[in-house]
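Participant: From the sequence below, what's the structure:
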Amino acid sequence: MELIRKTLSRFARYLSRELKDSNVSAKTITLKIRLKPFSTHTHQRTLEKSTSSSKEILEEALRLLEEMEIDLSVRLVGLRMSGLEKMKK
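Facilitator: Predicted structure coming up:
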């Protein structure tokens, strides 16, 4: 589970950088986990306020991870941001 958390941390930093470079923020965070027998589980949450903060993205991704019941080996982890909005100046 620690490897998944570290991976999500890297993803959150990357997504934050991409959002900021594009001058946008996002409201919806989606976490995808694919388990060894190829079953895929996806959880998402729409935030009250859009964000481009790596800290906020990671915190929400970890909350989504805690909601999932992972009892098998993980084959794939994905993190996506959607509901993009132009950042206010």
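Participant: Are there helices or strands packed against the host helix or strand of residue 15, and which ones?
Facilitator: Using DSSP states H and E, residue 15 falls within helix 2-21. Here helix 2-21 touches strand 24-35, helix 54-67, strand 74-86, going by 3 or more CB pairs under 8 Å, 6 or more residues apart in numbering; DSSP states H and E. Where you see a C-beta, it was placed from the backbone N, CA and C, and this is true even at glycine.
Participant: can these go into CSV with extra columns for mean neighbour count and mean pLDDT?
Facilitator: Formatted as CSV, the helices and strands packed on helix 2-21 follow (neighbours: other CB atoms under 10 Å; pLDDT from 0 to 100):
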stretch, mean neighbour count, mean pLDDT
strand 24-35, 18, 96
helix 54-67, 17, 96
strand 74-86, 15, 95
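Participant: which one of these lies closest to residue 12?
Facilitator: helix 54-67 (3.8 Å; CB to CB).
Participant: Bridged to residue 74, which residues?
Facilitator: Under the criterion DSSP bridges, residue 74 forms beta bridges with residue 35.
Participant: Show residues contacting stretch 24-37.
Facilitator: For stretch 24-37, the external contacting residues (CB atoms under 8 Å, 6 or more residues apart in numbering) are 4, 8, 19, 40-47, 49-52, 57, 60-61, 64-65, 68, 70, 72-87.
Participant: before we move on, the earlier item: what's the distance between the helix holding residue 15 and the middle of its chain?
Facilitator: Centroid displacement of helix 2-21 relative to its chain, using CA atoms, centre = their mean, to the nearest Å, is 8 Å.
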